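Student: Pasting a predicted model and its sequence here:
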Amino acid sequence: MTDNGNDARTSPAPKQQPGRRRRVNGAGDRPSTIRDVAAKAGVSVATVSRTLAGNYPVSDATRARVTAAVEALHYVVNVHAKALSGRVAGPVALVLQDITGPSLAHVAAGAEQEAAARGRLSLVCATHSDQDREDDLVQLMREQHAAAVVLVGGAVLDDGYQARMAEYARALDAAGSRLVLCGRPPLPGDLPVTVVEYDNRGGAFQAVDHLLGAGHRRVLFLAGEPLNTSAEERRTGYRQALRAHGVDYAGELDIPGPYTRVSGYQRTRAALDEGLDFTAVFAGTDVVAVGALAALREAGLSVPGDVSLVGFDDVPFAADLTPALTTVRVPYEDLGRTAVRLALERENRLAGDDHVVLGTQLVIRQSVRPPK
């Protein structure tokens, strides 16, 4: 079979080149501009700008023509330009280590609720414990004219951290934004920063005091990571409760680790395998307590019949465990709401109102009993 080469009518239509979009606004492949809107509406660029801003009187007929042109051309207002002119409220950005953790998720929920009530958009970002990513996110939020950048969760309070936070605070303040440390202690010096934290030390004291008051003297402490601010405060509360009851601190019962279910299981399993003597467990978080509960049951021990157990956080599932978990309630949603409220109302408050400590509360359920 040969090709006679002269039947152009049967040749396939040329394909559209990859990456090219269909023209939907008559302005080529570029987005519509305010000049396109002005031309289609038959008015000046200044008239379009005034109509969209809503801060200058225009006739109903002109407003109708501009609105019709905006809709026909799918014109999108330049949000950055509006932010620079002060005509739009900046968003509130939350920067968390991990958005899947139940406690941090409740902080984000509270912050979003408060921001929404104030007509603000919320942006939630995760660092995954990557310092460079945190740096990039803070810079991006500064460029986006965020009204506040809320850093959520504990941190290692070393010189490098303090220098980075001071740089964040000054850079954001220069851009008209605000750094908020949520669940972290304040920084040294006079810096433009808002701090909202909760009573880690007092909560841990209540938890251990409850166990010691029930008669326990050997309390296994599944602590957090060394040097983490939240973890260190909880360790201080643990040791203060021991001293208050005249119980010597036993270093072998203070076992640090990450706040995960797997870590709670592994540390409890290791303590049992090593033959450590304890009649109660204070878990640094409820998630860690779930892992400890699994390890105790696997070893044939009942809670609270053989070993009592207390957690920290009071996340929603704590009351649904068997037995229902005695734990320390942290007002995580209030933490998020307070962080946003203080950041957005800072111009109307007295100096010194930028550091708030929320209280914690022991919630007594069924996981503690006097030792045998």
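Tutor: Cool, the structure landed.
Student: What residues of stretch 155-168 count as buried?
Tutor: Residues Ala155, Leu157, Tyr161, Met165, Ala166, Tyr168 are the ones in stretch 155-168 that count as buried (16 or more other C-beta atoms under 10 Å). C-beta here means a position set from N, CA and C on the backbone, and glycine is covered the same way.
Student: Could you do stretch 100-107 as well?
Tutor: Going by neighbour count (16+ other C-beta under 10 Å), the buried part of stretch 100-107 is Gly101, Ser103, Leu104, Ala105, His106, Val107.
Student: can you check stretch 276-295 too?
Tutor: Of the residues in stretch 276-295, those scored as buried under the neighbour-count criterion (16+ other C-beta under 10 Å) are 278-295.
Student: Stretch 40-55 too?
Tutor: For stretch 40-55, the neighbour count (16+ other C-beta under 10 Å) marks Lys40, Ala41, Val43, Thr47, Val48, Ser49, Arg50, Thr51, Leu52 as buried.
Student: what about that stretch, distance to the chain center?
Tutor: Relative to the centre of its chain, stretch 40-55 is centred 40 Å away, using C-alpha atoms, centre = their mean, to the nearest Å.
Student: cool, stretch 112-122 as well?
Tutor: Averaging C-alpha coordinates over stretch 112-122 and over its chain gives two centres that are 14 Å apart (C-alpha atoms, centre = their mean).
Student: residues of it that come out buried?
Tutor: The neighbour-count check on stretch 112-122 (16+ other C-beta under 10 Å) flags Glu112, Glu114, Ala115, Arg120, Leu121, Ser122 as buried.
Student: could these go into JSON lines alongside secondary structure, distance to Gly336 and pLDDT?
Tutor: Conversion of those to JSON lines gives the following (DSSP: H, G, I helix; E, B strand; the rest coil; distance: C-beta to C-beta, whole Å; pLDDT from 0 to 100):
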{"residue": "Glu112", "secondary structure": "helix", "distance to Gly336": "7", "pLDDT": "91"}
{"residue": "Glu114", "secondary structure": "helix", "distance to Gly336": "7", "pLDDT": "93"}
{"residue": "Ala115", "secondary structure": "helix", "distance to Gly336": "9", "pLDDT": "90"}
{"residue": "Arg120", "secondary structure": "coil", "distance to Gly336": "13", "pLDDT": "87"}
{"residue": "Leu121", "secondary structure": "coil", "distance to Gly336": "15", "pLDDT": "87"}
{"residue": "Ser122", "secondary structure": "strand", "distance to Gly336": "10", "pLDDT": "88"}
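Student: Pull the most distant pair out of those.
Tutor: Based on C-beta to C-beta, the longest span within the buried residues of stretch 112-122 runs between Glu114 and Leu121 and measures 12.4 Å.
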